[in-house]
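# curious how this folds, go ahead:
(chains A, B and C)
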Amino acid sequence: MKATDPQTTNTNLFAEIELTRNQGVQVGEAAETIARIAQEVAEGSESQTRLLEAAASLSNEMTASMSESTRQLDSIAAFVEEIVSSVNESSASIEEVNGNTATLASDLAEIVTAVEENARSIGSVTATTHGMATSAEEVNGAMTEIAASIKNVSQETSSLTDSVNETAASMEEVVRATESLAGNADDLNVSAEQASSSINEMAASIEEVSVITESLNSNVETVSSSIEEISRSIQSVAQNAENISGAATSAVSAASQMDRSLRSVAGISKRAEDVTKRLTREAEEGGSAAQKSIQSLSRVRTAMELSAGVIREMGKRSDEIGGIVNTINVISERTNMLSLNASIEAARAGDAGRGFAVVAEEIRNLADRAAQATSDIAAIIRSLQEVAREAISASSEGLRVADEGGQIAEEGSRALQRILSGVHETADFMSQVARSTDENLVASQSVVGAIDTVAAQSKQVAYATVEQAKTAQSIVKGAGQMSKTAREVSQAMYEQGTAAREIVKAAQNTTAIATQVRRSSKEQAVAAKQVAQAVESMRRVAINTSRALDEQARASEQVSSESTSLARQIASVSKAMSEQSVSISQVAATTKKMGRLSEQIARGMSEQSRASRDTTTSIDSISKDVRTISRSNREHLDYSGQVLKAITDIRNVTMQNAVNAQSLTSGAQGLTERARSLAELMFSVETVQQSGNQSNGNAIKGSRKRVRKAGNSEEA
Amino acid sequence: MPQATGTESFILFEIAGTTYAVRSSVVQQVQMIEHVTPVPNAIPVVEGVVHARGRVIPALNLRVRFGFPKVPFDLRSRLVVINSGGRLVGLVVDTAREFVFIPDTSIEVPPDGLSKLSGKYLDGIATIKERLILILNIEQVIDVSGLEDMAAELPS
Amino acid sequence: MTTPDSEAPDNFGEQFLDDYFAECDEHIAAVRRHLLALDQQVGEGRIDSALLDELFRSFHTIKGISGMVGFREEEQLAHRIEDTLRAVRQGDVSLNVDRIDGLIESVALLDRRLAARRSTAPLPVLPDEDAAAIQPPDAAAGTAGSGPLLTFSIEFTPTPALAERGININSLRARMQEIGEILKSTPTVKGQGEISFQFQVRTHVDLMARPEWNSEGVQTKAEAHVPDIHRPAPKVASSNVVRVDLVRLDELIRIVGEMVTSRARMEDQVKQARKNLPSPEWRAMFESAQTMARQLRDLRDGVMRVRMVQIGEIFDRMQFVVRDMARESGKRVIVNVIGQETEIDKFLIERLMDPLLHLVRNAVSHGLERPDERRSAGKPPEGRLTLRATTIGEKVSIEIADDGRGIDVERVAERARATGLLAPGVPLDDARLLELICYPGFSTRVEADRESGRGVGMDVVKSTVEALTGTLSFSTQTDQGSRFCIEVPLTLAMADALIVTVCGQTYAVPQLTVREVFEVEPSAVRALERNEMIAHRGSALPLFRLSEFFKLTEPHHSRDRRFHVFVTGTGNNALGIAVDRIVGHQEIVVRTIGDSLVQVPGIAGATDLGDEKVVLILDVPALRRSALQERMMRTGN
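Sure, this is the predicted structure:
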């Protein structure tokens, strides 16, 4: 900018300003129209919001929306850049104002033309809408970025807004100065006021957003932590958690799978119930069989006792016989002796005793034979007694075994009782499981329903907002979790099924055992043990499953509560966003207005260019800093892609507002007028600028400081 | 009294597996050993006194007499009541259950080499169907005067 | 029992010989009695012809049976005596002291021959002078002792008319006895209440040939000759006698004794069955048992009495001895016999024979003074020897007392002190005196007397008496005389006994030897130089443990238990014999164990208590002797 005579410059400037004022008026009007359109767009956004409301019951996308905040920060940076550039332009234009106010006007005219051009075609409207959407996006991004849980960022954002405020204040002063320069300074003032108020509103809404996003952040934190908890709890339930891939469709399919599996579980548990019932029957049969075996064992025992008694009797008999044999032995000894004595006497009697001697000899032979026979009998008796003794010990052994058998049968019967009760427990448990399964079924069905709804809504929202997609994503996640849970349930159910199979097996075993009880005692114990183990594992699994289901319920509750709050938050965010968009649009308009003015002013004010350059440089640096921050913030944007998608959808929705595009034309016209008036303002602006530069420079210095600080904290 | 010329009847009894014979003419009777009353301070060979057909007679333990260890009495043990030289003495033997006729021709003079029984107690040795039977001189058997002298010399 | 001469009878005769000897003994005993009586009568101048008749009959019988058994010499001897007696009886010769002596000698000779025949001792030769001592009978006419023996039955019916004339049963009896022997006499009742007497008479005289035998109420018929081998024994002394083998008698007594024992056991069993039987049946059984007890006791006593003989027999023999000794030594002795009927076990009295004779000989030879000594001592010249036998309860007391000089106490004491048997200063009482004079080898007489070769001394007297479980006691007074008293049980076959146990063995102790019994606390036993004693009745009673003497041991025989003691002997001789327990007392049948194998000191015999187990009977005197020996050994005396 060339240095000219300030007076001349001012005079030129006034003319220019007047022109600008007129243009500004038109621009203003156009801006009004645009504002109206923006209003309507905002209304469209409200519908968006509602949709978001509807959709956001299950979302956790705010995290992602933080990325938008980052982007918005970028945008702010960009905006600031634009401010800077605008300021630059303003400075330049101030310089040029002196030189070429007309350029401003023509610029404005160009703007108007541009606007007109926009208004003529949908594309322009779209572009505007796009711009609005972008704005909205920007707003959203700003919001999300702010909500990205970097309080410092938001702090810096607020400090940034302070800076912006100050800039705005400076601008105000410029405006005032312009007003004071020109007769249409009031308009410019008003515009400035409006702009500032818009900025204020924006600031306020940004503040609000920041506050809201802060709470949102914490809520999200909570949600995320809750979700983390959920995911952890789900993980704890599932041994072999699979990662849940997810799109809503897969969630749905998963959900329907779950549904199917739950039904099959219900079916299995029903079957298990049947099996359990059969098992109970069989166990009862087994019990009665065990009872029979006990009875038969006691009969065996009685028989054994009888036989033992018989054997003892036999032993006694053989002892008696032994006694008799002993007596016979004694008799045969005595007979031998008597016959010997007889022979002696016969020998003494000589011939007379010969016949007697023969008789004595015969008697002796008989006695010897008898002795031999009795010794044989004695041997037999001894062996008989031995046999009897063995038999007695064997029968007492047998008695003992029968007793043992009886005891074991008793134990078996008791074990069967235990099995029976265990089976009953199992049956109860199975009923519980069935009930839980039913409940699960219902719950999961409701989940499925919810998922369905969510999915549907997500589909709706997905076109409107990224958040909807995100919600869907998180729903997916949640659904995935649920499907995981469901799978785990199904796993548990499977385990239950396994347990049920084991029950069946155990039942079979028990049946076999019941058969074995009849045969022997060992198998009973083994089988009973198996059944007990099966029952035990069943119980464990059931416990785990119910615990898992409890956790699932809790998690679901948490998710739902969090999602509710999230919805609320999103609502307010949306509201804020909408307000922001309003403000932003206003600001945009105003800014544009101001831009033009600035250009003109810049042309007129060359001396201010140096100050402006300083400002610019400061603002440059600020913007650099902001960019840095924004770049940092971009790191938070990893998860923002889909949000964008959601926003794209919103954009699509806003496209519906194309109807209102026409209105924009007229608005654009107004805008031209407004632009004209802006010129008027320029004059005053120039005056103000000079004084404002000073304060600007200070403010910018401060802003730079803050930005640096923000950047440092950003890096920290 | 001899049955006929050439044979005599004997009672056979056993001591420690060896078969001995006494002429049945010196045997009054054979009886079971029921109760023997020990006689204090009698020589070890005297088992005690017993009843025999109403009389109280000494019972000589032939095992001790012949130097064998004593064994407890059982159903087979016998008391052979000997009437010799006016004395009625009972002999305790393991068993006595045979009454045989031994022809004189089967009896041989005992060889000198037999220790303890050489000449003194044996009248002869008979072999009946490969069985060795020692025929005792009962008077010598029941003559324990030598032993009594020995006992008398022992301090009381 | 066979004789070595050629007249050895066969087996049948063997048995017969026993009867012969037994019968001879009887007759000789009777003869002795009668001769003694005759001896007295001769002194008094009155001879009982009945006595002569009795004598005659005895020798007649002896002659007969000696001939039966083929002892010719004895037959001849008896025949000669018979002739002498006949002659005396018929008045052909007078009976004087010499003749009686001769008769006595002959009897003694006969006795000796018979004794010799009984054993296998050489037969004393019949000296001819003995034959000559008996004066050959006059070949007096009248009834020759020869001729066949005829038997007549005479019936006499007494009537008052005949009795007036002095013809009564007694006069007839005398007549019959004169001519022969009355075999039987039976009173019969004839019709109308008349009583007549029937006699069977054996005589050489042919009564049928004598008319006086068939008149005056006397009717005589001839009977067939009855061989007189087994005729019943003539009436001698008192009652009909039956000869019984002593061994059989012993057996009988044994059996009865066993019956008594068995019955006692049965009674125990009946008492035990009380609880199993209804009261009436049991009572009946019990009473039967009691009755049986009574009957058995009577039976036993009766059987025991069969073994009894009157001690008079012994006394008779002793009188002969005295007579001989008196004659030899020139002393005059009057023998007083009191209690001849006193009965004593034959076995006992036979064992006592020698000791009694020894005492009698001592009394006559050492106790009684010669007549002149007596006169100067103021005593009648005839020494008096009193033989007295009395029954005191279950014992018999036999006393031999003389009124001679009595034992010379001083001499005995002197000798005793000299041989160390008596401690100086210790006074002698009768009991100690007896001990000393009964000490083996102690004799104040060096000279051998007629009986010294027999080996019977005072020690043997004492030991014999004690072996018979009797006691010997004695009293003497200088110049007054001595009295020896032997007490023995009535019989040895049975005795009351204490049943004691020592170390599980049971023994019987004859109650006669036991003075008292009491229980001892082991702590009360004192010992002095290994001799044990205990305070009893104020003095020290030496203790003799049977368990030690019999070398008995028992597993749990401990010296800490109370035990029982029975006391034997009196005063200084008392000894306490220690056993484990005195379990009761019982009547036992005494059996001797003859065999030398079991002749051990301290055992007297055997018995059984009813269960066929032999129980040994203690020889208490032998135990006392052993106790004394041991004590002396222990104290080094």
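# ranges for the helices of the stretch 251-400 of chain A?
A:354-464 (DSSP state H, counting those that start in this stretch).
# okay, which residue is most central for chain C?
Central residue check for chain C by C-alpha atoms, centre = their mean: the C-alpha nearest the mean position is that of C:Ile349, 2.8 Å away.
# how about the secondary structure of the residue nearest to that one when sequence neighbours are not counted?
When the adjacent residues along the chain are set aside, C:Ile349 lies closest to C:Ile314, with 5.5 Å between them (C-beta to C-beta, 6 or more residues apart in numbering or on different chains). C-beta: built from backbone N, CA, C; applies to glycine. Using DSSP: H, G, I helix; E, B strand; the rest coil, the structure places C:Ile314 in helix.
# got the confidence number for A:Glu579?
Each residue has a pLDDT score; the one for A:Glu579 is 49.
# just to revisit the earlier point, what residues does the helix or strand harbouring the residue nearest to the centre of chain C touch?
Assigning secondary structure by DSSP states H and E places C:Ile349 in helix C:346-362. When contacts are defined by C-beta atoms under 8 Å, 6 or more residues apart in numbering or on different chains, helix C:346-362 is touched by residues C:246, C:307-309, C:311, C:313-314, C:317-318, C:321-322, C:325, C:385, C:387, C:396, C:398, C:400, C:449-451, C:454, C:456-458, C:460-461, C:464-465, C:467-468, C:484, C:486, C:488-489, C:491-493.
# equivalent analysis for stretch C:491-499, please.
If you take C-beta under 8 Å, 6+ apart as the criterion, stretch C:491-499 is touched by C:250, C:253-254, C:257, C:300, C:304, C:307-308, C:345, C:347-348, C:394, C:468-469, C:489, C:506-512, C:514, C:517, C:566, C:582-590, C:607, C:609, C:615, C:617.
# buried only: go through the residues you listed for me.
Members of those that pass the buried threshold by neighbour count (16 or more other C-beta atoms under 10 Å in any protein chain shown) are listed as C:250, C:253-254, C:257, C:300, C:304, C:307-308, C:345, C:347-348, C:468-469, C:489, C:506-512, C:514, C:517, C:566, C:582, C:585-590, C:607, C:609, C:615, C:617.
# ramachandran coordinates for the residue lying closest to C:Lys395 once chain neighbours are set aside?
Using C-beta to C-beta, 6+ apart and skipping the chain neighbours, the partner closest in space to C:Lys395 is C:Glu487 (5.1 Å). For C:Glu487, the backbone dihedrals are phi -110, psi 130 (criterion: degrees, to the nearest 10).
# C:Glu487: neighbour count?
When counting by other C-beta atoms under 10 Å in any protein chain shown, one arrives at 19 neighbours for C:Glu487.
# thought it was touching C:Gly470?
Yes. At 5.4 Å, C:Glu487 counts as touching C:Gly470 under the criterion of C-beta atoms under 8 Å.
# quick check: neighbours shared by the two?
When contacts are counted by C-beta under 8 Å, 6+ apart, C:Glu487 and C:Gly470 have C:Lys395 as shared neighbours.
# touching, B:Val36 and B:Ala59? I think so.
Yes. In this structure, B:Val36 is within contact of B:Ala59 by C-beta under 8 Å, at 5.4 Å.
# any common contacting residues for the two?
Residues touching both B:Val36 and B:Ala59 (C-beta under 8 Å, 6+ apart) are B:47-50, B:92.
# can you say which two of those are spatially most distant?
When these are compared pair by pair using C-beta to C-beta, the two farthest from each other are B:Val49 and B:Val92, 11.9 Å apart.
# which neighbours do those two share?
Counting by C-beta under 8 Å, 6+ apart, the shared contacts of B:Val49 and B:Val92 are B:36, B:59.
# just list whatever residues bridge to the residue lying closest to B:Val56 once chain neighbours are set aside.
Excluding its sequence neighbours, the residue lying closest to B:Val56 (C-beta to C-beta, 6+ apart) is C:Ala606, at 4.0 Å. Here C:Ala606 sits in beta bridges with C:Arg591, C:Leu616, as judged by DSSP bridges.
# may I ask which helix or strand of chain B has the lowest mean pLDDT?
Each helix and strand of chain B was given a mean pLDDT (mean pLDDT, DSSP states H and E); the minimum falls on helix B:145-153 at a mean of 56.
# show me what contacts the residue nearest to C:Lys395?
Contact partners of C:Glu487, counting by C-beta under 8 Å, 6+ apart, are C:392, C:395-398, C:470-471, C:473.
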